[in-house]
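Asker: Provide a 3D model corresponding to the input given below.
(one chain, ligands or ions: 2)
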Amino acid sequence: MAKKIVEGLWDCPYCGQKGIGGLVKSCPNCAHPQDAGTKFYLGEKKDYLDEEKAKDYGKGADWTCAFCGSMNRYGNANCVNCGAQREDSSGDYFENRRKEQAAQAPPPKPPQPQKRKKKRWPLILAILAVIAVIFFVTRPKDKATTVVDKTWQRAVDVEVYTTVQEEDWSVPDGGRITDSRRAIRTYEQVLDHYEEEEYEVPYDVLDGYDTYTDYEDNGDGTFTEVEHEVPRYRTEYRTEYRTVPVYRQDPIYDTLYTYDIEKWLHSRTDRAGGSCYEPRSESVRSGDWSVEAEPYWPDTRLGGNEREGAREEEYILYFTDDKGKTYSARVTEDVWNRYKRDQGVEIEVQGSRVLSIDGVKIS
Ligand SMILES: [Zn+2]
Ligand SMILES: [Zn+2]
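Answerer: Ligands and ions are numbered 1, 2, ... in the order given. Alright, predicted model coming up:
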């Protein structure tokens with residue numbers, strides 16, 4: 001393909017004349033020659049050089065005269081403007097472009113962290129304010145209160161030795177077999193056979209070429225038209241076959257036993273509980289309790305095949321502050337025994353939770 005050369009354009013920076021032909025070396029309006037600042041560009045309409053003329057272009061960039069600054073054709077040994085020799089000059093059109101670009105590179109931006117900080121201050125203050133409010137509302141507070149009630153509860157689990165029926169693959173000690181049968185215990189994966197399987201394999205096929213045109217700046221007032229071809233592919237599929245194993249699940253049988261066995265089972269929970277005082281206020285839970293000042297363990301009255309299991313106990317103190325708000329705290333029996341009704345107590349609370357009583361932490 002013959003190289004196609006297009007004439008570029010340039011603007012005169014001295015008189016403002018625009019769109020001067022790239023091969024016109026001096027401005028037709030003010031006669032100022034092309035110089036280091038001259039930059040060629042493509043016009044809307046492509047002006048192709050004829051074949052004969054095209055042969056003379058695209059061979060080298062114009063050089064800059066070091067003495068008068070004007071631009072000269074690659075082939076010229078002397079400056080057409082001042083006659084200076086080419087050997088005494090260095091630098092050409094492309095070097096001028098590189099210098100131009102280096103000069104245009106933006107200087108590194110000075111850091112401006114202070115401006116950003118200023119913008120963030122309101123947000124930081126708002127977050128701190130929210131944290132402060134949460135801290136203020138939920139902070140532990142000391143309260144002067146009075147003991148208004150105390151309750152206790154004790155519970156004993158009762159277990160019974162009884163015969164139960166169970167099923168398993170083996171019989172534990174003491175088990176009496178009542179039945180046995182064959183049953184599926186598990187499944188085993190077994191290779192059954194092989195099968196041919198069809199599958200699709202993708203592959204790329206050249207579909208054609210996409211072309212686009214580019215213009216390369218020759219630096220001599222012209223541009224070379226370059227046709228680029230980019231291969232375009234499409235995906236096709238071919239069918240292939242492979243052998244794959246096919247498995248089946250085979251049941252594994254075993255003997256499943258039914259047997260009777262004696263075990264301790266939870267039977268019931270016996271409870272005892274009470275309040276030390278007749279309730280004074282409706283809000284106090286002890287209204288549900290009988291007045292039983294001294295905690296005791298419930299009488300479990302065990303039957304012949306019964307025994308005692310786990311024990312649980314709970315001791316609760318109730319306090320009221322001068323505003324009538326009631327707090328309750330689960331405490332150890334020791335702490336519980338230490339307090340009497342109408343006794344003044346300093347408690348530390350967080351929300352409705354009691355943290356400590358008279359400076360002693362409760363868990
Ligand atoms: Zn001009
Ligand atoms: Zn010159």
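Asker: CA only for contacts and neighbour counts going forward, please
Answerer: Fine.
Asker: now do the contacts for residue 362.
Answerer: Residues near residue 362 by Cα atoms under 8 Å, 6 or more residues apart in numbering: 330, 331, 354, 355, 356.
Asker: who wins for most neighbours among the residues you listed?
Answerer: residue 354 (22 neighbours; other Cα atoms under 10 Å).
Asker: that one and residue 331 touch, don't they?
Answerer: No: contact between residue 354 and residue 331 fails when scored by Cα atoms under 8 Å: they sit 10.3 Å apart.
Asker: briefly note if stretch 79-97 comes near ligand 2.
Answerer: Yes: judged by Cα under 5 Å from the ion, stretch 79-97 comes into contact with ligand 2 at 79, 81, 82.
Asker: give me the distance between the first one and residue 40.
Answerer: Which is residue 79. 20 Å (Cα to Cα, to the nearest Å).
Asker: same question for the last one.
Answerer: Note on residue 82: its distance to residue 40, by Cα to Cα, is 23 Å.
Asker: so how far is the helix or strand that contains residue 123 off the chain centroid?
Answerer: With secondary structure defined by DSSP states H and E, residue 123 is part of helix 113-138. Averaging C-alpha coordinates over helix 113-138 and over its chain gives two centres that are 25 Å apart (Cα atoms, centre = their mean, to the nearest Å).
Asker: what's the mean pLDDT across it?
Answerer: Mean pLDDT, computed over helix 113-138, is 82.
Asker: now that helix: buried residues?
Answerer: With burial defined by 16 or more other Cα atoms under 10 Å, not one residue of helix 113-138 is counted as buried.
Asker: also stretch 139-153?
Answerer: Neighbour-count burial for stretch 139-153, counted by 16+ other Cα under 10 Å, picks out 140, 142, 143, 145, 146, 147, 148, 149, 150, 151, 152, 153.
Asker: number of nearby residues for the closest residue to ligand 1 within the stretch 151-300 of the chain?
Answerer: Among the residues of the stretch 151-300 of the chain, residue 221 lies closest to ligand 1, at 16.3 Å counting by Cα to the ion. Neighbour count of residue 221, defined by other Cα under 10 Å: 28.
Asker: phi and psi next, for it.
Answerer: Reported as degrees, to the nearest 10, the phi and psi values for residue 221 are phi 90, psi 0.
Asker: again, but for residue 104
Answerer: Backbone torsions of residue 104, given as degrees, to the nearest 10, read phi -80, psi -20.
Asker: just give me the neighbour total for it.
Answerer: With neighbours defined by other Cα under 10 Å, the count for residue 104 comes to 9.
Asker: quick one: it from residue 9, how far?
Answerer: Distance, residue 104 to residue 9, by Cα to Cα: 22 Å.
Asker: ok, of the residues of stretch 79-97 next to ligand 2, which come out buried?
Answerer: Under a neighbour-count criterion of 16+ other Cα under 10 Å, the subset of the residues of stretch 79-97 next to ligand 2 counted as buried comprises residue 79.
Asker: ok, the residues of stretch 79-97 next to ligand 2 vs ligand 1, which is closest?
Answerer: When the residues of stretch 79-97 next to ligand 2 are compared for distance to ligand 1 (Cα to the ion), residue 81 comes out closest, at 15.5 Å.
Asker: what number of residues lie near the nearest residue to that closest one once chain neighbours are set aside?
Answerer: Counting by Cα to Cα, 6 or more residues apart in numbering, residue 81 lies nearest to residue 70, which is 6.9 Å off, once chain neighbours are set aside. A count of neighbours around residue 70, defined by other Cα under 10 Å, yields 23.
Asker: ditto for residue 272
Answerer: By other Cα under 10 Å, the residues close to residue 272 number 18.
Asker: for it, which three-state class applies?
Answerer: Per DSSP: H, G, I helix; E, B strand; the rest coil, the local secondary structure of residue 272 is strand.
Asker: ditto for residue 87
Answerer: Following three-state DSSP, we place residue 87 in the helix state.
Asker: quick one, what contacts it?
Answerer: Under the criterion of Cα under 8 Å, 6+ apart, the neighbours of residue 87 are residue 77.
Asker: check which element follows the helix or strand bottoming out on mean pLDDT in the chain along the chain.
Answerer: Across the helices and strands of the chain, mean confidence by mean pLDDT, DSSP states H and E is lowest for helix 113-138: a mean of 82. Heading C-terminal from helix 113-138, the first helix or strand you meet, by DSSP H and E, is strand 141-168.
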